[in-house]
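Novice: Fold the following and give me the result.
(2 chains)
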Amino acid sequence: MTGNDERYPANFISSIIEADQQAGKHEGKVKTRFPPEPNGFLHIGHAKAICLNFGLARDFSGTTNLRFDDTNPIKEDVAFMNAMKEDIAWLGFVWAEEKNASDYFEQLFDYALQLIADGKAYVDSLSSDEIRTYRGTLTEPGRNSPYRDRSPAENLDLFQRMRAGEFPEGAHVLRLKIDMASGNMNLRDPSIYRIRHVRHHQTGDAWCIYPLYDYTHCISDAIEQITHSLCDTGFEDHRPLYDWVLAQIDSPGEPQQIEFSRLNLQYTVTSKRKLKQLVDESLVAGWDDPRMPTIAGMRRRGYPPAAIRDFCRRIGISKSGNNVELALLESCVREALEPSAPRAMAVMDPVKLVITNFAEDEVMSLSVANHPKDADMGQRSVFLTREIYIDRADFKMEANRKYKRLVLHDEVRLRGAYVVKAESVSTDDAGNIVEIQGTYDPETLGVNPPDRKVRGVIHWVSASKSSPAEFRRFQPLFSVANPDAEEGDYRSLINPQSQQCFMGYVETGVLEQEASVQFQFEREGYFVRDPEQNPDGIYRFNETVGLRDSWSKSNASS
RNA sequence: UGGGGUGUCGCCAAGUUGGUAAGGCACAAGGUUUUGAUCCUUGCAUUCGGGGGUUCGAGUCCCUCCACCCCAGCCA
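Specialist: Residues are numbered from 1 along each chain as shown, chains lettered A, B, ... in the order given. Modelled structure (predicted):
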């Protein structure tokens, strides 16, 4: 599961790097960076960027820095930094250096001074509204600010005083002097410093002016000697600005920005604003709610980090718009879990089955394999008693031969145990089945009856020798494939059935295992114990992903 | 004629210098199976957004048209 297996398949970025190495660019070195803004939790979209940056660096014997893009203290918090570090480490990546854009505030300021001295930046005193007006529109050129021709000396004085805290927020802004008529809006004298009298989580009260992204990012990359600066296609038309800035200063490096398309996963939203809103408005239980596409959520849900890495590799890297199906992610999760998850039985919607020819107080211990294909995973004891539970969905009063479960007056195999026959049922006043009575065939342990064919195999659990448990099963948080494309409030698209709780029973041995063990509850799916117990102190299991189910699928379509 | 992008199978996505369409997921059909799971086998684009052109030959070159996405934060 490591090494070459995880190498990135060929993509246009690896081609660029390969060509660069062959050409001897950067002396053949490769250095990338993952630059999140610490204003929320990392999600599956970030995972794609993380795997790409760290994966490509690894593939080409390079390194990757973690750099918090903390230029906007109003939105950011150290708590998010810590959560992000935990998530990246959990995903299995090790960064060469941990940096903050704020580490470079002093250097960034010096470069700005030089830009001003060179007549390439000026202090604008227009209000933000006026700046917007002067900027023009997509089809009409902008106009020069009346402050555009201030002398370098005046600009220098004003900028120093901005830093000194002499002006209120919004009074001035430092702008690059490029081209107000450019078809590229980013080149119409972009602002690079604004006044914010707020405390910064890293620099405290040292600054009251903060640099903006376009100015900060390229220089930070250059300072860190980043060779390939990967970002999403939303920044494509920022590249001329990225290059412009580095061309004007005495740049300590020559990073190349390369854009790739961000991930769009069906049935989920990955906008930071929306994820934050889901959390803030308690539409989900938190950033790590198992239904959230956050790394923390997927971890709690039981997704193995290797599965997420595999997914990021399989979706590939390109610049085209995409709309990845959930089935691919789930397939990766199943593939990672199938060989390693010990099997066990759990009944989530129990109905009692009384085996009338089984002794009242007998407890029969049966040895069952923990994995059907891996004997090294050993055996466990499962206890059979006169009263057991089976799933309501596994019994019918009558059914055709395609139904491979228990039917009244017919037989079915109890997994790892005997063949049982349903003889009668008891119902309540409303006609609901409250108990099934049946008999078992003592000749069928480990062998099939020679004269007849049993319908199939169902899972079960002893009524007295099992433990109560809560099971949380999940469906996509949103009920439509592309919640972002829908009109109206995306919150109205939340699937009310996205989380369903069941009270049932599980083999007691399961509770004796460490909480981190991921089980496959046979015929149901992969589950992992939640860090929290339910209000009654009962263990809760989260469904990581269900088993592939070709039966209900073909049934639903016919 | 604002600027920048993207269009290869239902969903992703490979396709060096033009040489006659990888792979994965999904799906379908068989086989194995005390999980309707797993596993195995097989099938699944005469066609690369459309139309022209160059060429012995084009997804790859040229022209043209069409569709969709991003940009007017003192957010990143």
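
Novice: Near RNA strand B, which residues of the stretch 1-150 of chain A? Just list them.
Specialist: Taking C-beta under 7 Å from any atom of the strand as the test, the list of the stretch 1-150 of chain A residues beside RNA strand B reads A:9-12, A:15, A:35, A:37, A:69, A:71-72, A:75, A:126-128, A:131-132, A:135, A:137-139. All C-beta atoms are positioned from the backbone trio N, CA, C, and that covers glycine.

Novice: Residue ranges of each domain in chain A, please.
Specialist: Taking automatic domain parsing as the domain assignment, the ranges for chain A are A:13-98+A:218-333, A:105-214, A:343-554.

Novice: So which of the residues of the stretch 1-150 of chain A next to RNA strand B belong to helices?
Specialist: Using DSSP state H, the subset of those located in helices is A:12, A:15, A:128, A:131-132.

Novice: Going by neighbour count, which of the residues you listed are buried?
Specialist: For those, a neighbour count by 16 or more other C-beta atoms under 10 Å gives the buried set as A:I131.

Novice: out of the ones in helices among the residues of the stretch 1-150 of chain A next to RNA strand B, who's nearest A:R343?
Specialist: When those are compared for distance to A:R343 (C-beta to C-beta), A:F12 wins out at 42.7 Å.

Novice: what sits against the closest one?
Specialist: Listed by C-beta atoms under 8 Å, 6 or more residues apart in numbering, the contact partners of A:F12 are A:260, A:317-319.

Novice: about what we covered before: only whichever of the residues of the stretch 1-150 of chain A next to RNA strand B are buried, select them in PyMOL.
Specialist: Buried subset of these, written as a PyMOL selection, criterion 16+ other C-beta under 10 Å:
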select buried, chain A and resi 11+35+37+69+71+72+126+131+135
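
Novice: before we move on, back to that, got JSON lines for the ones in helices among the residues of the stretch 1-150 of chain A next to RNA strand B, with pLDDT too?
Specialist: Written out in JSON lines, the entries for those read as follows (pLDDT from 0 to 100):
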{"residue": "A:F12", "pLDDT": "97"}
{"residue": "A:S15", "pLDDT": "96"}
{"residue": "A:S128", "pLDDT": "97"}
{"residue": "A:I131", "pLDDT": "98"}
{"residue": "A:R132", "pLDDT": "98"}
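
Novice: Looking at the ones in helices among the residues of the stretch 1-150 of chain A next to RNA strand B, spot the one nearest A:S191.
Specialist: A:I131 (7.3 Å).

Novice: Phi and psi next, for the spatially closest residue to A:R455 that is not a sequence neighbour.
Specialist: The spatial neighbour of A:R455 that comes closest, neighbours along the chain excluded (C-beta to C-beta, 6 or more residues apart in numbering), is A:K404 at 4.8 Å. For A:K404, the backbone dihedrals (degrees, to the nearest 10) come out as phi -100, psi 40.

Novice: Tell me who's in contact with A:K404.
Specialist: Residues near A:K404 by C-beta under 8 Å, 6+ apart: A:412, A:455-457.

Novice: Kindly confirm my reading that A:D451 is in a helix.
Specialist: No - when classified by DSSP: H, G, I helix; E, B strand; the rest coil, A:D451 is found to be coil rather than part of a helix.

Novice: Now it. Its backbone dihedrals?
Specialist: Per degrees, to the nearest 10, the backbone of A:D451 is at phi -100, psi 0.

Novice: how many other residues sit next to it?
Specialist: Taking other C-beta atoms under 10 Å as the neighbour definition, A:D451 ends up with a count of 5.

Novice: same thing with the one 5 residues further on?
Specialist: By the other C-beta under 10 Å criterion, the neighbourhood of A:G456 contains 15 residues.

Novice: how close does the closest residue to it other than its chain neighbours sit to A:E411?
Specialist: The shortest distance from A:G456 to any residue that is not its chain neighbour, by C-beta to C-beta, 6+ apart, is 3.0 Å, and that residue is A:K404. From A:K404 across to A:E411, the span is 11 Å (C-beta to C-beta, to the nearest Å).
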